[in-house]
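K.L.:
Structure, please.
(one chain, ligands or ions: 1)
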Amino acid sequence: MLKLKKNIVLIGHMGSGKTSLGRNISKLLKKKFIDTDEEIEKKIGISINKIFSEYGEKKFRELEEKIILKILQGHIGSIISLGGGSLESVEIRNLVFKKHISVWLKCDLSILAKRLKNAKKRPLLINKDTTKELSKLDAKRVRNYEKSIIHCDVSKKQKKIITEEIIKDIIRINEN
Ligand code: S3P
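P.N.:
Residues are numbered from 1 along each chain as shown. Below is the predicted model of the structure:
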């Protein structure tokens with residue numbers, strides 16, 4: 001079994017496939033998979049939607065930062081998928097880019113917009129023009145996503161191929 005020296009952290013916009021690709025990678029590498037949004041929901045006991053509607057985005061970001069930092073520091077060799085906005089925290093960013101293997105799932109915004117058109121579980125997109133919101137988020141976030149060690153364009157490839165490509169890159173970087 002591959003011995004990973006660091007966590008593998010999947011980043012990118014909502015809808016880029018962090019959770020499903022993360023699960024595939026973790027199964028193939030036989031590593032633990034952690035989805036940080038799920039961990040936030042478990043810890044707080046309500047859905048992400050409800051956290052946003054009851055307490056607001058600012059409170060969500062505080063909870064998100066605290067929970068993600070704890071997860072990143074408490075594991076080694078796990079596959080971890082982060083919420084699309086979490087890298088706006090300087091502390092998360094510093095930790096992810098200095099200590100872990102980061103994988104950016106890069107995806108055309110038009111494809112994301114189609115996938116997320118009727119998304120009910122993404123509070124930032126509910127009752128909004130999806131294309132417009134995504135490009136606003138992209139303008140703020142792409143500069144952070146770009147700092148990842150591994151870039152994988154997931155726009156047009158099959159999940160199986162993407163998974164294989166990412167695993168190849170992980171093995172190469174883990175050896176160095
Ligand atoms: C968010 C992305 C979501 C979730 C929350 C906010 C964002 O996670 O954390 O709705 O700011 O982009 P996914 O990227 O897993 O959808």
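K.L.:
Longest strand in the chain, please.
P.N.:
strand 101-106 (DSSP state E).
K.L.:
thinking in terms of the whole chain, how far from its middle is the helix or strand that that one is followed by?
P.N.:
Going down the chain from strand 101-106, the next helix or strand is helix 109-115, by DSSP states H and E. Centre-to-centre, helix 109-115 and its host chain are 16 Å apart (Cα atoms, centre = their mean, to the nearest Å).
K.L.:
For the protein, list the residues in contact with the ligand, please.
P.N.:
Contact residues (Cβ under 6 Å from any ligand atom) of the chain with the ligand: 14, 18, 37, 48, 83-85, 122-124. For the C-beta atoms, the positions are set from N, CA and C on the backbone; glycine is no exception.
K.L.:
which one of the residues you listed has the most neighbours?
P.N.:
Most neighbours among those, by other Cβ atoms under 10 Å: residue 18, with 27 neighbours.
K.L.:
Name the nearest residue to that one, sequence neighbours excluded.
P.N.:
Leaving aside its chain neighbours, residue 18 sits nearest to residue 81 (3.8 Å; criterion: Cβ to Cβ, 6 or more residues apart in numbering).
K.L.:
repeat for residue 25
P.N.:
Nearest non-adjacent residue to residue 25 (Cβ to Cβ, 6+ apart): residue 79, at 5.3 Å.
K.L.:
what do you get for residue 34?
P.N.:
Excluding its sequence neighbours, the residue lying closest to residue 34 (Cβ to Cβ, 6+ apart) is residue 80, at 4.8 Å.
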